[in-house]
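>>> okay, sequence plus prediction incoming.
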Amino acid sequence: MKSSGLFSPMVLVLFLDCGAAPAEEETFVPLFNGQDLSGWVNVNCAPGTFTVRDGLIVSTGVPTGILRTERQYENFILELEWRHMKEGGNAGLFAWSDPITSPGVPFARAIEVQILDGRNSENYTSHGDVFAIHGAAMKPDRPHPGGWMRCLPSERRAKPSPEWNHYRVECKDGVIKLAVNGKVVSGGSECRPRKGYLCIEAEGSEAHYRNIRIRELPSTSPRPEETADLDEGFRSLYTGVDLSGWRQDPGHRGHWGAKDWILDYDGKSEAADKNLWSEKEYGDFVLICDWRFSGKAEKKKRPVILPNGEYETDGEKKTKEVEVDDAGDSGIYLRGSSKSQVNIWCWPVGSGEVYGYRTDQSQPAEIRAAVTPRERADRPIGEWNRFAITLKGDRLTVDLNGKTVIEKARLQGVPKRGPIALQHHGDPIQFANIYIKELD
């Protein structure tokens, strides 16, 4: 029996269905153009860590680090395909990430969607775990057996290396859901932050990514405390695989060296100048640098320094000393000057002081006091510390582990430009997460 209308009901349904799918597809846009890394930022890796080959993003996995998007995302649906090229390979996708790595680690604060091959235990799997890392927070959809902020998948659907896997990640209002090869298996809620960058992680072995695309959803106006930090223009001064960008005296070989994301020094350089200098000179800048002593601490007596920069003395005018755990001495030279050294040591006054100015009796009293730390902000020996050093003109501010220990101290006569150095003082020390933002 023929319909009297223009279309039969079945034809009309088919017509509408055929029109709906392409409209939805059009709302997705590629995050990777298949040709280069436009739209992405290498945060802390070597230039060759993430490259494009045959329409894929290829990660060597070395050094450990991240590649992030240029812009932040809030509510979205993200799809991508991935595969590991080695059994047991490790990587990850970060949602709502900060722009640079967190103190003492090669990863940023974020919610991680695990990309792992062939490693399963009571506490983690290779099938789509979702968890908070490095200061982020998340309530897992199901309680973790160890009480972690980590959701284990409801079933195991990931294919082993070198097969391709498909992830669909939906993030909305601080809720994250992961579908592995077509089925939702894990997620969490109450995520903080809930707006930030997207990252691909390198962690030890080759991994491939393709068909990365995103569909943005309407914003729900996250509060500042729910938003990741914004990119401020910092760039890494360390590749994680070599000392490119630093003066490589033959005497440094075997002493100053790349140890994955850590720049390691054994304290025994054989160079005439044993300090490690940057090739480039800098004027005004903000320098971020993580550091920790790697040697064994010993009990030693060290002088007590007063807030005015003078040494405390006893009734006989003898310098007062107290016993401390001491693992060594180092520092960071600014603008090519050993006098303008931000100190790293174990003295009671704490790190961050400018020894060359504090001990210079020709300097005005207010300058000597200003370059003396307001408080001791060092973490215990063996733990990572983070400096944020700002030098603008001749004014120096030093933040240590989030506390301002030196504020706008005047470094009278400091050169206008010069290289930066990591100081040799004969003691083993490690540096990491070295970033600079030039201000001039």
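On my side now, so go ahead.

>>> can you show me the CA trace of stretch 325-342 as CSV?
Extracted in CSV, the C-alpha atoms of stretch 325-342 (Å, rounded to 0.1, in the frame of the first residue of the first chain):
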residue,chain,number,x,y,z
ASP,A,325,72.3,17.1,59.9
ASP,A,326,74.5,18.2,57.1
ALA,A,327,74.6,16.6,53.6
GLY,A,328,76.5,19.3,51.7
ASP,A,329,76.5,22.7,50.1
SER,A,330,75.6,24.1,46.7
GLY,A,331,73.9,27.0,45.1
ILE,A,332,72.7,28.8,42.0
TYR,A,333,74.8,31.6,40.5
LEU,A,334,72.8,34.4,38.9
ARG,A,335,74.0,36.5,35.8
GLY,A,336,77.5,35.0,35.8
SER,A,337,78.3,36.2,39.3
SER,A,338,79.5,33.9,42.1
LYS,A,339,78.7,36.8,44.5
SER,A,340,75.0,36.8,43.6
GLN,A,341,74.6,33.1,44.6
VAL,A,342,71.4,31.8,46.0
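
>>> buried stuff in it?
Counting neighbours by 16 or more other CB atoms under 10 Å, one finds that the buried residues in stretch 325-342 are 326-337, 339-342. C-beta: built from backbone N, CA, C; applies to glycine.

>>> same question, stretch 60-68
Neighbour count says stretch 60-68 has Thr60, Gly61, Val62, Pro63, Thr64, Gly65, Ile66, Leu67, Arg68 buried, by 16+ other CB under 10 Å.

>>> what segments of the stretch 1-150 of the chain are strands?
29-30, 40-42, 50-53, 56-59, 65-69, 76-84, 90-97, 110-116, 130-133, 137-140, 150-151 (DSSP state E, counting those that start in this stretch).

>>> show me this structure divided up by domain.
30-229, 236-438 (automatic domain parsing).

>>> now the strands of the stretch 1-150 of the chain in a markdown table, with distance to Asp360?
Shown next, in a markdown table, are the strands of the stretch 1-150 of the chain (distance: least, CB to CB, whole Å):
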| stretch | distance to Asp360 |
| --- | --- |
| strand 29-30 | 58 |
| strand 40-42 | 41 |
| strand 50-53 | 47 |
| strand 56-59 | 49 |
| strand 65-69 | 40 |
| strand 76-84 | 56 |
| strand 90-97 | 44 |
| strand 110-116 | 45 |
| strand 130-133 | 44 |
| strand 137-140 | 47 |
| strand 150-151 | 53 |
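
>>> nearest to Val322, out of these?
strand 130-133 (38.2 Å; CB to CB).

>>> where are the low-confidence patches of the chain?
1-26 (pLDDT under 70).

>>> tell me which residue is most central in it.
Central residue of the chain (CA atoms, centre = their mean): Thr101, 0.8 Å from the mean position.

>>> Val398 touches Arg386, doesn't it?
No: Val398 is not in contact with Arg386 according to CB atoms under 8 Å; the separation is 11.1 Å.

>>> more crowded one of the two?
Val398 (27 against 19; other CB atoms under 10 Å).

>>> can I get the CA coordinates of the helix or strand containing the more buried one in CSV?
Assigned by DSSP states H and E, Val398 falls within strand 395-400. What follows is strand 395-400, C-alpha atoms only, in CSV (Å, rounded to 0.1, in the frame of the first residue of the first chain):
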residue,chain,number,x,y,z
ARG,A,395,66.1,43.2,43.0
LEU,A,396,66.0,39.5,44.1
THR,A,397,63.0,37.5,45.5
VAL,A,398,63.4,33.9,46.5
ASP,A,399,60.6,31.6,47.3
LEU,A,400,61.5,28.2,48.8
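
>>> buried stuff in the next helix or strand after it?
Using DSSP H and E, the next helix or strand after strand 395-400 towards the C-terminus is strand 403-410. For strand 403-410, the neighbour count (16+ other CB under 10 Å) marks Thr404, Val405, Ile406, Ala409, Arg410 as buried.

>>> what do you get for stretch 119-139?
Within stretch 119-139, the residues scored as buried using 16+ other CB under 10 Å are 124-134, 136, 138.

>>> how about stretch 281-297?
Buried-residue list, stretch 281-297, by 16+ other CB under 10 Å: Tyr282, Asp284, Phe285, Val286, Leu287, Ile288, Cys289, Asp290, Trp291, Arg292, Phe293, Ser294.

>>> identify the bridge partners of the first one.
In this structure, Tyr282 has beta-bridge partners Gly418, where bridges are defined by DSSP bridges.

>>> inside strands: which ones of the buried residues of stretch 325-342?
Cross-referencing these against strands under DSSP state E gives Asp326, Ser330, Gly331, Ile332, Tyr333, Leu334, Ser337, Lys339, Ser340, Gln341, Val342.

>>> what's the most distant pair in those residues?
Among those, Asp326 and Ser337 lie farthest apart (CB to CB), at 25.7 Å.

>>> return the member of the buried residues of stretch 60-68 nearest to Ala272.
Nearest to Ala272 among the buried residues of stretch 60-68, with distances taken as CB to CB, is Pro63, at 29.3 Å.

>>> in space, what's closest to that closest one - neighbours in sequence excluded?
The spatially closest residue to Pro63, leaving aside those adjacent along the chain, is Gly240, at 2.8 Å (CB to CB, 6 or more residues apart in numbering).

>>> sweet, I'm off.
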